[in-house]
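Enquirer: Provided below for reference: sequence and predicted model.
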Protein chains: 2
Amino acid sequence: MTSGSDSFDAGEFRKALGSFATGVTIITTRGADGAPVGLTANSFNSVSLNPPLVLWSLANTSMSLAAFRAAPYWAVHVLATDQEELSARFARRGESKFAGLDVETGIGEVPLLKGCSARFQCRTAFQYEGGDHVIFLGEVLTFDRNEAAPLVFHGGRYAHATRRDPLGAKPRSAFLEGSFGDDFLGYLLGRSHYRMFAQIRRHLEEAHLSDQEFYVLSALTLKRAMSVRDLDAGMAGVLDENSHRAIQSLVRHGLAREAAPEAGAAGAAGGPAYELTEAGREAALRVIAAAKAVESRMLERLGAGEAPVLKSLLNRLLGVIDPEAGALWGAADAGTKEPTA
Amino acid sequence: MTSGSDSFDAGEFRKALGSFATGVTIITTRGADGAPVGLTANSFNSVSLNPPLVLWSLANTSMSLAAFRAAPYWAVHVLATDQEELSARFARRGESKFAGLDVETGIGEVPLLKGCSARFQCRTAFQYEGGDHVIFLGEVLTFDRNEAAPLVFHGGRYAHATRRDPLGAKPRSAFLEGSFGDDFLGYLLGRSHYRMFAQIRRHLEEAHLSDQEFYVLSALTLKRAMSVRDLDAGMAGVLDENSHRAIQSLVRHGLAREAAPEAGAAGAAGGPAYELTEAGREAALRVIAAAKAVESRMLERLGAGEAPVLKSLLNRLLGVIDPEAGALWGAADAGTKEPTA
């Protein structure tokens, strides 16, 4: 508990405010000099349906304040999940925010950005004082929207929003207290994996590949050459050290071969390195393309914006289960930026 | 594109506004008669850091308007992800919103709810007209917060917010164009499944159970008795019709037995029905408890609020891959409610 408005820790107050999740908007207008003006804001909200009013607030210190103070019209763009870069661009100070963007022109010559979840073209209705910010109330003259998943800001960073299952929607039906339900993660992972792989397997059968051969073949597309030890390490928990048998079978079928010593980084310690033959590359790319098509069809039906969330969470789960899992691929992490208000 | 504020389709305008995601708040105050007053609102936003100001707006038609108009103090509660029921309760009209709630008392006798992501205790600073709503600006006198994941509203329904991976964080390193990366869903599912199961398998080994025996044992905790055909159907893609062998092994070890005919719903068509023996129930509950402990440790490390999102997405993925997957468990879907503004 932090008490007394004079003794506020600004950082703590920001964090508390940040616990309220928001979408992210870019507000644009046309300056008196004709230059396009725009900035990222998450202080937007709806106010009134009739008349249709929305509001947002802008810091007294903003370089764009004069332009918005004087502007009769402005537009609010609610950003879609794939517009994080646009959000970051308009959150920075700078002259060239609009450089290279394909911009439309709206009411009052206001520049309009494309690809947003929704756009509201407004006429300034009121400007209210709000401490170190000015609150702009706009009458919505026209709007458009599409069904894109939203970009979200929460806790000082960008976030995904995903549909929530209705409360109490899943009655458990186990007769034995303490048994698994369909919300056991092991069940969900196992079943999803098996069911997805069952669809991929049809394509493997066409190519006369076993599951294990497919795993090894795919792994060999990631690095020019790998030893059995590399494969066992990279596939830990997946192949259970059956790489040896799978690679011998691939060699027999002309899909892989021992790499010349200079090609393999593994060296003598890891045993001979293997690489794909031309036929192996072709076979790998063919089944990988088929598997990706299976994936695409699934993710499309899962819904816009949900796929990256699922993948992100699974990646994070892997980091939690198995911090070494990056053996074959390796992942990085980095900081984030903050929308201005 | 919908044009002209007089010709607005109210439903379309609401949908467009709903594309801006928000947290969910409950605003409370104390009426002149001393009664606690509260309502759900997602029109909250921060305005100013110095002085610390926040705002929200309330419909002119709200039954609580008079109380807030007259109230010198009110409190904003930013709801956590597990407070959806509280949100729904305060979104309904009614006298007894506070009934049975464990409430604290804040500045100006304002009732404070517990378990929220953040709370802001405010003194009314300004009230502005905003069309069919009144905008309340409050000076934040004190606040507190905790790290709970937020409840989010988007597109007319409750949503989850999950951390987003930083842009460009994952350099792909495959040498062969067209190969898999670590964002291939099949890889993520397979690896997560195998790695999680590897941790569970230790407990199975202690109990001398094979993977297949464990699957069948768990399934038998869900229904009193199941035939091999029931098991094969329920486990499609998981057991690949090896239920028969697994169940015979369980019977040999005294963990399952043929059920008396009246106990099994399967009847003659599905072959004999099997049920757990007392020893089987004990073994099942022991390994299930161990598996759930593995799950809990993982999900705890994944972070607050992420686990239900992951599970929800996997459930939905299963619905997409395999609409029949509900064979053993069965899932329902239902509608949702809307916060008032």
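Expert: Sure thing, it's come through. Numbers count the residues shown, from 1 in each chain, chains lettered A, B, ... in the order given.
Enquirer: Who are the contact partners of A:Leu151?
Expert: By C-beta atoms under 8 Å, 6 or more residues apart in numbering or on different chains, A:Leu151 lies in contact with A:23-24, A:79-84, A:87, A:158. No exception for glycine: its C-beta is placed from N, CA and C like everyone else's.
Enquirer: do that again at 10 Å, thanks
Expert: By C-beta atoms under 10 Å, 6 or more residues apart in numbering or on different chains, A:Leu151 lies in contact with A:22-25, A:42, A:78-84, A:86-87, A:116-117, A:158-161, A:305, A:339, B:21, B:164.
Enquirer: Please, a PyMOL command that selects the buried ones among the residues you listed?
Expert: Entered in PyMOL, the line below selects the buried ones among the contacts of A:Leu151, by 16 or more other C-beta atoms under 10 Å in any protein chain shown:
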select buried, (chain A and resi 22+23+24+25+42+78+79+80+81+83+84+86+87+116+117+158+159+160+161+305+339) or (chain B and resi 21+164)
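Enquirer: Mark which of the contacts of A:Leu151 are part of strands, please.
Expert: A:22-23, A:25, A:78, A:158-161 (DSSP state E).
Enquirer: what's the farthest-apart pair in those residues?
Expert: A:Thr25 and A:His160 (17.1 Å; C-beta to C-beta).
Enquirer: Report whether A:Glu282 is found in a helix, as I expect.
Expert: Yes: the assignment for A:Glu282 is a helix, going by DSSP: H, G, I helix; E, B strand; the rest coil.
Enquirer: returning to what we had before: can you list the ones in strands among the contacts of A:Leu151 in a markdown table and add pLDDT and distance to B:Gln199?
Expert: Formatted as a markdown table, the ones in strands among the contacts of A:Leu151 follow (pLDDT from 0 to 100; distance: C-beta to C-beta, whole Å):
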| residue | pLDDT | distance to B:Gln199 |
| --- | --- | --- |
| A:Thr22 | 97 | 38 |
| A:Gly23 | 97 | 39 |
| A:Thr25 | 98 | 44 |
| A:Val78 | 98 | 43 |
| A:Tyr158 | 92 | 32 |
| A:Ala159 | 91 | 29 |
| A:His160 | 87 | 27 |
| A:Ala161 | 88 | 31 |
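Enquirer: May I see the residues you listed organised as TSV, with distance to chain B added?
Expert: Shown next, in TSV, are those (distance: C-beta to the nearest C-beta, whole Å):
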residue	distance to chain B
A:Thr22	6
A:Gly23	4
A:Thr25	7
A:Val78	5
A:Tyr158	4
A:Ala159	4
A:His160	5
A:Ala161	4
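Enquirer: hmm, who's touching the strand or helix carrying A:Glu275?
Expert: For A:Glu275, the element it lies in under DSSP states H and E is strand A:273-276. By C-beta under 10 Å, 6+ apart, the residues outside strand A:273-276 that reach it are A:216-217, A:219-221, A:223-231, A:243, A:247-248, A:250-251, A:255-261, A:263-267, A:280-285, B:176.
Enquirer: Please repeat the previous calculation with a cut-off of 7 Å.
Expert: Residues outside strand A:273-276 that contact it (C-beta atoms under 7 Å, 6 or more residues apart in numbering or on different chains): A:220-221, A:224-227, A:247, A:255-259, A:263-264, A:266, A:284.
Enquirer: ok, and the helix or strand in chain A with the lowest average confidence?
Expert: Here the helix or strand of chain A ranked lowest by mean pLDDT, DSSP states H and E is strand A:2-3, holding a mean of 44.
Enquirer: Give the buried residues for the helix or strand that comes right after that one.
Expert: Next along the chain after strand A:2-3, taking DSSP H and E as the criterion, comes helix A:10-18. Across helix A:10-18, burial judged by 16+ other C-beta under 10 Å covers A:13, A:15-18.
Enquirer: same thing with stretch A:294-304?
Expert: Under 16+ other C-beta under 10 Å, the buried positions of stretch A:294-304 are A:294-295, A:298-299, A:302.
Enquirer: so of the residues you listed, which ones are in helices?
Expert: Judged by DSSP state H, these include A:294-295, A:298-299, A:302 as members of helices.
Enquirer: In TSV, list these along with distance to B:Ala273 and pLDDT.
Expert: Shown next, in TSV, are those (distance: C-beta to C-beta, whole Å; pLDDT from 0 to 100):
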residue	distance to B:Ala273	pLDDT
A:Val294	36	92
A:Glu295	38	93
A:Met298	34	91
A:Leu299	39	90
A:Leu302	36	88
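Enquirer: Of the contacts of strand A:273-276, which ones also sit close to chain B?
Expert: Among these, the residues within reach of chain B (C-beta under 7 Å from any C-beta of the partner chain) are A:221, A:224, A:284.
Enquirer: Kindly indicate which of the residues you listed lies nearest chain B.
Expert: A:Thr221 (3.4 Å; C-beta to the nearest C-beta).
Enquirer: which ones are touching the closest one?
Expert: A:276, A:284, B:174, B:176, B:179.
Enquirer: Give the burial count for the fourth one, as a bare number.
Expert: Okay, so that is B:Leu176. B:Leu176 has 17 neighbouring residues, counting by other C-beta atoms under 10 Å in any protein chain shown.
Enquirer: and the closest residue to it other than its chain neighbours, how far is that from A:Ala259?
Expert: For B:Leu176, ignoring the flanking residues on the chain, the nearest one in space by C-beta to C-beta, 6 or more residues apart in numbering or on different chains is A:Thr221 at 4.2 Å. Distance of A:Thr221 to A:Ala259, given as C-beta to C-beta, to the nearest Å: 14 Å.
Enquirer: circling back: can I get the buried residues of helix A:10-18 in TSV with pLDDT and distance to chain B?
Expert: Listed next are the buried residues of helix A:10-18 as TSV, based on pLDDT from 0 to 100; distance: C-beta to the nearest C-beta, whole Å:
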residue	pLDDT	distance to chain B
A:Phe13	94	6
A:Lys15	94	7
A:Ala16	95	4
A:Leu17	95	4
A:Gly18	95	9
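Enquirer: Please name the residues that touch A:Arg14.
Expert: Here A:Arg14 is in contact with no residue (C-beta under 7 Å, 6+ apart).
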